[in-house]
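1. here are the coordinates; sequence isn't available:
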């Protein structure tokens with residue numbers, strides 16, 4: 001079996017994944033805000049208003065179960081039978097490697113294997129670590145954004161839903177109209193531009209005193225994410241042979257999930273102890289680190 005994908009098709013595939021993420025980012029908060037308004041009106045004058053969050057939670061759970069069922073029914077295993085795990089012990093061992101931070105950051109599941117050289121593994125580790133750091137800082141802003149807009153601009157649930165609608169719409173337009181047309185080999189350059197763009201976004205949002213400044217920051221924030229995540233993912237997808245793509249992308253996505261899990265905890269702590277200005281200043285300056293890491297990272301040719 002050979003890898004028949006091309007840089008062009010990889011870019012399109014990553015752009016489509018980004019568009020799907022943006023659509024979810026677009027409609028999810030709006031649905032949650034709608035549930036909030038509906039539940040508060042329905043429970044007006046009643047103590048049941050305290051449990052309004054059960055409705056969006058149940059919808060989210062139902063959609064997740066539908067997603068699992070869809071994957072099980074329609075997605076077929078492409079890994080050759082002789083390369084699949086033969087026993088439960090091996091399966092648990094491999095699963096642990098995807099939740100063990102030490103294994104994740106070193107891509108240990110690819111060590112001593114053919115298809116990824118030592119220099120390529122080193123570059124892959126750099127990309128994984130900068131992706132973790134990027135999402136660690138990015139998710140911190142994303143999580144604390146609702147605190148800032150509620151306290152500083154008196155945003156209610158619907159206002160915040162509209163804010164995320166704006167972000168999601170812009171991300172969808174950029175990823176659907178521009179990112180998929182990025183020429184192969186330009187992913188590193190575009191990701192570096194995206195990392196630079198998000199730094200002033202943090203400053204504008206953190207110090208915003210009016211809605212125009214806030215939305216200018218949100219626009220830069222959305223533009224950056226629209227480019228950085230698909231471009232980095234496309235770069236990582238070039239590593240490994242066809243039988244190792246799943247391992248490479250699995251570890252890479254696990255690092256992103258770890259960043260998304262820890263980022264809100266750290267950002268919320270700084271936000272409430274030092275204020276939004278300090279929180280977003282640290283986040284914006286911190287994003288210089290993944291930029292420098294990416295600048296020094298060698299590019300794997302297609």
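-> Okay, I see it. Here the structure is a predicted model, which means the values were calculated and not measured. Numbers count the residues shown, from 1 in each chain.
2. where along the protein do the helices fall?
-> Here the chain has its helices, by DSSP state H, at 7-42, 54-74, 88-97, 101-106, 118-153, 157-177, 187-207, 211-236, 245-274, 276-286, 288-296.
3. right, so the ones you listed: which one is the most enclosed?
-> Compared across those, helix 211-236 shows the largest average neighbour count, a mean of 22 (mean count of other Cβ atoms under 10 Å). Every residue, glycine included, has its C-beta placed from N, CA and C.
4. Would you list the phi and psi of the nearest residue to residue 125 once chain neighbours are set aside?
-> Nearest residue to residue 125 in three dimensions, chain neighbours excluded: residue 107, at 5.7 Å (Cβ to Cβ, 6 or more residues apart in numbering). Main-chain dihedrals, residue 107, degrees, to the nearest 10: phi 50, psi 50.
5. Distance of residue 107 relative to residue 132?
-> 12 Å (Cβ to Cβ, to the nearest Å).
6. Equivalent analysis for residue 141, please.
-> Noted for residue 141: a distance of 16 Å to residue 132, by Cβ to Cβ.
7. Repeat that for residue 300.
-> 19 Å.
8. same check, this time on residue 144
-> Taken as Cβ to Cβ, the span from residue 144 to residue 132 is 19 Å.
9. ok, now residue 184?
-> From residue 184 across to residue 132, the span is 25 Å (Cβ to Cβ).
10. show me the contacts for the residue lying closest to residue 141 once chain neighbours are set aside.
-> Nearest non-adjacent residue to residue 141, counting by Cβ to Cβ, 6+ apart: residue 283, 5.7 Å away. Going by Cβ atoms under 8 Å, 6 or more residues apart in numbering, residue 283 touches 137, 140-141, 202, 267.
11. same thing but at 10 Å, please
-> 136-138, 140-141, 144, 198-199, 201-203, 205-206, 263, 266-267, 270-271 (Cβ atoms under 10 Å, 6 or more residues apart in numbering).
12. re earlier: surely the residue nearest to residue 125 and residue 118 touch.
-> No: between residue 107 and residue 118 there is no contact under Cβ atoms under 10 Å: 11.5 Å.
13. so what sits against both of those two?
-> Overlap of the contact sets of residue 107 and residue 118 (by Cβ under 10 Å, 6+ apart) is empty.
14. Report the residue spans of this structure with pLDDT below the cut-off.
-> 1-30, 32-33, 35-53, 78-80, 82-98, 112-115, 301-302 (pLDDT under 70).
15. ok, the residue nearest to residue 125 to residue 186 distance?
-> Where residue 186 is concerned, residue 107 sits at a distance of 25 Å (Cβ to Cβ).
16. When the two are compared, which one has more neighbours?
-> Taking neighbours as other Cβ atoms under 10 Å, residue 107 and residue 186 compare with residue 107 leading, 24 against 15.
17. Grab the nearest non-local neighbour of residue 224.
-> What sits nearest to residue 224 in space, not counting adjacent residues and going by Cβ to Cβ, 6+ apart, is residue 198, at 3.6 Å.
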